[in-house]
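Visitor: here is a sequence with its predicted model. Questions after.
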Amino acid sequence: MNKNLFTLFLLLISISIKAQDLIILHDGQKIRCKITKTDSINLYFTTNDYNRQVENYINKDLVKKYYFDYFIMKKDLKESIYMTQNYKYCASIGILMGGGSLVGVDLEYYVENRLGMQIGAGIFGFGGGINIHFKPNIKSSFLSLQYMHQGLNTSYTQSLFGPIFVFRGKRWFTAQMGLGFLLREGPAWPASKPHPPVMLTYAIGGYIPW
């Protein structure tokens, strides 16, 4: 076999192995698969059967533990256990959160199938958004489409709407960056300063799931 083709073959094999998740049942059975979503009752996953993906699910009462990217994380299983808790709520607290407030709080409710809904408020601001998580767990990073209302009454500066990438670390740290498209200019925006149609948005802080 050509050396380059052989190297590519090994690379593809290693990628396919690393991408696997692992489900361990109470009876000791292990299922190597790709977990696609979870809800309050079942765990949904796909397996490979003769190069064909087979969709399946199992009741969570039968599951002892499950791990995402198990073959990447197996050297430190403690770091992958955090993904097995089925949290439904998460509070993020920090600078420029809660609709871009000086200090604010965002509260997220995890609906299911990687979808989350959030609202937020803080010092002179509020907002809300729809979140799509990269993994079926509220502690994972996500893409969000958010509305931000910055300021109140005479201190109202602007309303923005746009996409945001939100990073959530394994423990508590969170940070975000995105684009805010101008919807409305408020009376507190300086009259002598042109209002850009698109602005860079960002925030930093910590999060607590439960």
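Guide: Structure's in. What do you need?
Visitor: where does the protein have low pLDDT?
Guide: 1-19, 71-85 (pLDDT under 70).
Visitor: that one: strands as residue ranges?
Guide: Taking DSSP state E, the strands of the chain run over residues 21-25, 30-38, 42-48, 53-59, 63-67, 89-95, 103-112, 115-122, 125-133, 142-150, 158-168, 173-185, 198-209.
Visitor: now the ones you listed in TSV, with distance to Ala191 and mean neighbour count?
Guide: No exception for glycine: its C-beta is placed from N, CA and C like everyone else's. Output for these, formatted as TSV (distance: least, C-beta to C-beta, whole Å; neighbours: other C-beta atoms under 10 Å):
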stretch	distance to Ala191	mean neighbour count
strand 21-25	56	18
strand 30-38	50	17
strand 42-48	55	17
strand 53-59	59	12
strand 63-67	57	17
strand 89-95	27	18
strand 103-112	27	19
strand 115-122	26	19
strand 125-133	21	20
strand 142-150	17	21
strand 158-168	14	19
strand 173-185	10	16
strand 198-209	18	16
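Visitor: domain parsing for the chain?
Guide: The chain is divided into the following domains under automatic domain parsing: 3-84, 89-209.
Visitor: just grab the bridge partners of Asn48 for me.
Guide: Going by DSSP bridges, Asn48 is paired in beta bridges with Gln53.
Visitor: any idea how far it is from His133?
Guide: Distance from Asn48 to His133, counting by C-beta to C-beta, to the nearest Å: 24 Å.
Visitor: cool, and Gly98?
Guide: According to C-beta to C-beta, Gly98 stands 20 Å off from His133.
Visitor: do Ser192 as well
Guide: Separation of Ser192 from His133 (C-beta to C-beta): 42 Å.
Visitor: again with Thr201
Guide: For Thr201 relative to His133 (C-beta to C-beta), the value is 19 Å.
Visitor: same thing with Asn153?
Guide: 35 Å.
Visitor: then Phe173?
Guide: 17 Å.
Visitor: cool, Asn56 as well?
Guide: Shown here: Asn56 relative to His133, a distance of 22 Å by C-beta to C-beta.
Visitor: isn't Gln158 up against Lys193?
Guide: No. Gln158 is beyond contact range of Lys193, at 11.5 Å (criterion: C-beta atoms under 8 Å).
Visitor: report the contact partners of Glu126.
Guide: Just to correct that, residue 126 is Phe rather than Glu. Going by C-beta atoms under 8 Å, 6 or more residues apart in numbering, Phe126 touches Gly98, Gly99, Ser101, Ile119, Gly120, His149.
Visitor: one more time with 7 Å
Guide: By C-beta atoms under 7 Å, 6 or more residues apart in numbering, the residues touching Phe126 are Gly98, Gly99, Gly120, His149.
Visitor: ok, what's across the strand from the last one?
Guide: When you say that, I think you mean His149. With DSSP bridges applied, His149 shows beta-bridge pairing to Phe126, Ser159.
Visitor: other residues contacting stretch 127-136?
Guide: Counting by C-beta under 7 Å, 6+ apart, 35, 37-38, 68, 83, 98-100, 108, 113-120, 140-149 sit against stretch 127-136.
Visitor: one more time with 6 Å
Guide: 37-38, 99, 114, 116, 118-120, 140-148 (C-beta atoms under 6 Å, 6 or more residues apart in numbering).
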